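Colleague: Any chance you could fold what I've pasted below:
(4 chains)
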There are 2 protein chains.
Amino acid sequence: MKNPDLTPQTRTDAGLAAVLRVAVGRLARRLRAQRPDASLSLGQGAVLFALARHGQMTPRALADHEKVQPPSMTRIITALEERGLVTRTPHPQDRRQQLVDLTEAGRTLVREDQHRREAWLARRLAELSPQEKAVLREAAEILDRLSQS
Amino acid sequence: MKNPDLTPQTRTDAGLAAVLRVAVGRLARRLRAQRPDASLSLGQGAVLFALARHGQMTPRALADHEKVQPPSMTRIITALEERGLVTRTPHPQDRRQQLVDLTEAGRTLVREDQHRREAWLARRLAELSPQEKAVLREAAEILDRLSQS
DNA sequence: GCCGTTTGTTAGCAAGGGTAATGAGTCGTG
DNA sequence: CACGACTCATTACCCTTGCTAACAAACGGC
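Modeller: Okay, the predicted model is just below:
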C-alpha cells in the first residue's frame, strides 16, 4: 500500500517536519472552522489569552509575541477595543506607545473561554488517554518554543 | 506575577485546549510566513504530500482528507495542475469523478520538499533533544487524529 | 425511465494576513 | 539646543484562502 520511497520518513528531522507541518496546518484549519462565530477569531483569542497571562502589553510586544506584523495587531486590538474587551491607555513614559489591557469584560470572557471556546477541542481531548494528553501538554510547550525561535 | 485565576490550567482539558489552540495557531502562522513563495502554499503542499502517501485520489477524497470544502479543493487542484504537478484523469467507472495523481514533476517536488520546504522547521527541530522530537513525533500523530474525528 | 443523491465546478464573499507609506515621539550627537 | 535617525502605531491597499450558494453532469434505486 505504501511506496517506500515516499513513506514519510518520520525518523529524520525533515520527515518529522513534513508530518508536523501537515498536522498543524490541518488542525489550525479545523479550529478556525470550529469558531462559533459569536466568539473571537483565533488571533483575537490568542491576544486575550496573552494579556490574561502577562498583564498589560504594548501592541508591539503583542505583535512580536503572536508572530504577526504590527498592522495586523492594530486591527486585532481595534476589534477587541470596539467590543469593549480591552482598553488602550497611553504609555506613561513613552507617548509613542500604548498599553493594552483587559477590561473586566475581557477578563470574564477569557474565563468563559476556558469553559466554552475550546469546547470542540476539549471534547476531542476528552477522548484521549491521559498518556496522550500528557504528550500533547509537552508538545504544546515545545511547539510554542519552536514558534518563538 | 501570575493571577491564579487566569493562569492557564493546563491540567484540565479546557486549559490544555486553550494552550494547544494558541500554540497551533501561532505555529501555523509562522509556517505560512516561512513559505519561500517560490514554493507551494500550505494546502497545496499538504495535497501533494497526501497524494505521495496514498496514491491517486479523487478531489472529494482529498477534500475530506484535508478537512476542506470541495470548492477549496478544486482551487488547490487547479493551481497544482496549472503548474504541471498533478494530472486529472477521468475515473474509469464513474464519469462524475476524477482521479488526481502526481506527475513526475510533482513527485520530484515532493521529494525536494523533504529536503528544502521543511528547512525552516527542520532547522528548529534540529535544536531539540531526541526526547523532545520523540514527543513531537507522537504528538503529530495524535493531532492528526484529532483533526480527523 | 425518473427522481433523489453525489461529484465537481463556478461565482461571489469575507476573514485575516502582509507590505508600503505616514505621522508622532524619542534619543543620541554634533 | 537642534537636527537627524530610529521606533511605534496606524492607515491604505492587496492577496491568499477559506466559505456558502447555485448548478450541471452522472449515477443508481425504484
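Colleague: C-alpha from now on. contacts and neighbour counts both.
Modeller: Fine.
Colleague: what number of residues lie near residue A:47?
Modeller: For residue A:47, the neighbour count with other Cα atoms under 10 Å in any protein chain shown is 25.
Colleague: Please apply the same query to residue A:104.
Modeller: 12.
Colleague: Give me the spatial nearest neighbour of it, chain neighbours excluded.
Modeller: residue A:85 (7.5 Å; Cα to Cα, 6 or more residues apart in numbering or on different chains).
Colleague: Could you pull up the residues touching the one you found?
Modeller: Contact partners of residue A:85, counting by Cα atoms under 8 Å, 6 or more residues apart in numbering or on different chains, are A:102, A:103, A:104, A:105, A:106, A:107.
Colleague: now, the most widely separated pair of the residues you listed?
Modeller: Using Cα to Cα, these span at most 7.6 Å, a distance reached by A:102 and A:105.
Colleague: From the recorded domain assignment, give the ranges for chain A.
Modeller: A:10-37, A:38-148 (automatic domain parsing).
Colleague: Look through chain A and state the residue closest to DNA strand D.
Modeller: Closest approach between chain A and DNA strand D, counting by Cα to the nearest atom of the strand: residue A:60, at 3.1 Å.
Colleague: Now the residue nearest the centre of chain A: which helix or strand?
Modeller: Taking Cα atoms, centre = their mean, the centroid of chain A lies closest to residue A:46, which sits 4.0 Å from it. If you go by DSSP states H and E, residue A:46 is part of helix A:42-54.
Colleague: Tell me where chain A has strands.
Modeller: For chain A, the strands defined by DSSP state E occupy A:86-90, A:98-102.
Colleague: which bits of chain A sit near DNA strand C?
Modeller: A:41-43, A:67-72, A:76, A:93-96 (Cα under 7 Å from any atom of the strand).
Colleague: Run through the residues that contact the residue nearest to residue A:91 when sequence neighbours are not counted.
Modeller: Residue nearest to residue A:91 in three dimensions, not counting chain neighbours: residue A:98, with 4.8 Å by Cα to Cα, 6+ apart. Contact partners of residue A:98, counting by Cα under 8 Å, 6+ apart, are A:58, A:59, A:88, A:89, A:90, A:91.
Colleague: quick one: which of these has the most company?
Modeller: residue A:59 (22 neighbours).
Colleague: Tell me how far that residue lies from residue A:144.
Modeller: Going from residue A:59 to residue A:144 by Cα to Cα, to the nearest Å gives 20 Å.
Colleague: before we move on, what about residue A:26?
Modeller: Taking Cα to Cα, one finds residue A:26 at 17 Å from residue A:144.
Colleague: Between those two, which has more neighbouring residues?
Modeller: residue A:26 (26 against 18).
Colleague: right, and that one touches residue B:67 too?
Modeller: Yes - judged on Cα atoms under 8 Å, residue A:26 makes contact with residue B:67 at a distance of 7.0 Å.
Colleague: Identify the contacts common to those two.
Modeller: With Cα under 8 Å, 6+ apart as the test, residue A:26 and residue B:67 both reach residue B:147.
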